[in-house]
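J.: Give the three-dimensional model of this entry:
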Amino acid sequence: MPHSTAVAADPILLELVDEDGRTIGTAEKLSAHRAPGLLHRAFSVFLFDPAGRLLLQRRAAGKYHSPGVWSNTCCGHPYPGEPPFLAATRRTAEELGAAPALLREAGTVRYNHPDPASGLVEQEYNHLYAGVVTEPLRPDPAEVDETAFVTPGELSRLRAARAFSVWFHTVLDAARPVIRELTGPTAGW
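T.: Below you'll find the model as predicted:
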């Protein structure tokens, strides 16, 4: 009788944190997102082209959480012990095939956003980053279905017509002071 050599994939662990962002443990990724959710470390990246347009991505239809919706340039979770800045640059390169030419810290935000479509919960202590991308994009189709560079007006029209991630508005608003410094007053962010 043949012997199976299939090996189960190691679970993806997230870093659990307290209300002040101090590490208190780990949890498997999906279990951390099941209601009521466990507070965990995350990051969100906002990259702009030299003209001051924001790079958005439409999440791949095959993603377990928030598939097919528009969101910020890149978001995710650091591995336990991984500095959030390094995780943000790593995931941006993995998802979009381009590294930021410049990336700045833009603060942190804590939120609790249930996603009615999936039943999952975003209970996150999120590290925010804003920067510039100048390289051509080569999105990973397993992660990203579509990308778009948008002005503030184009973003408003897109948000009125399409579904966005439940966290998008919260992280964009929290990052706006640094985004405005980065893009300048005439960009309108």
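
J.: F43: which element?
T.: Using DSSP states H and E, F43 sits in strand 40-48.

J.: helices or strands next to that strand in the packing?
T.: strand 13-17, strand 54-59, strand 74-76, helix 84-96, strand 102-114, strand 121-132, helix 168-183 (3 or more Cβ pairs under 8 Å, 6 or more residues apart in numbering; DSSP states H and E). From N, CA and C alone the C-beta is placed, and that goes for glycine too.

J.: Give the residue spans of this structure that score low on pLDDT.
T.: In the predicted model of the chain, residues 1-9 satisfy pLDDT under 70.

J.: need the contact list for the residue nearest the centre of it.
T.: With distances taken as Cα atoms, centre = their mean, C75 lies nearest the centre of the chain, 1.2 Å away. By Cβ atoms under 8 Å, 6 or more residues apart in numbering, the contact list for C75 reads A42, F43, S44, V45, R91, N126, S165, W167, V171.

J.: What of T147?
T.: L55, L56, Q57, R58, L96, L137, P139.

J.: again, but for Y64
T.: L30, S118.

J.: Could I get the phi/psi values of it?
T.: Main-chain torsions, Y64, degrees, to the nearest 10: phi -70, psi -30.

J.: Name whatever forms a beta bridge with the residue nearest to the centre of the chain.
T.: S44 (DSSP bridges).

J.: re earlier: between the contacts of T147, which sits nearest G184?
T.: Nearest to G184 among the contacts of T147: L55, at 16.8 Å, using Cβ to Cβ.
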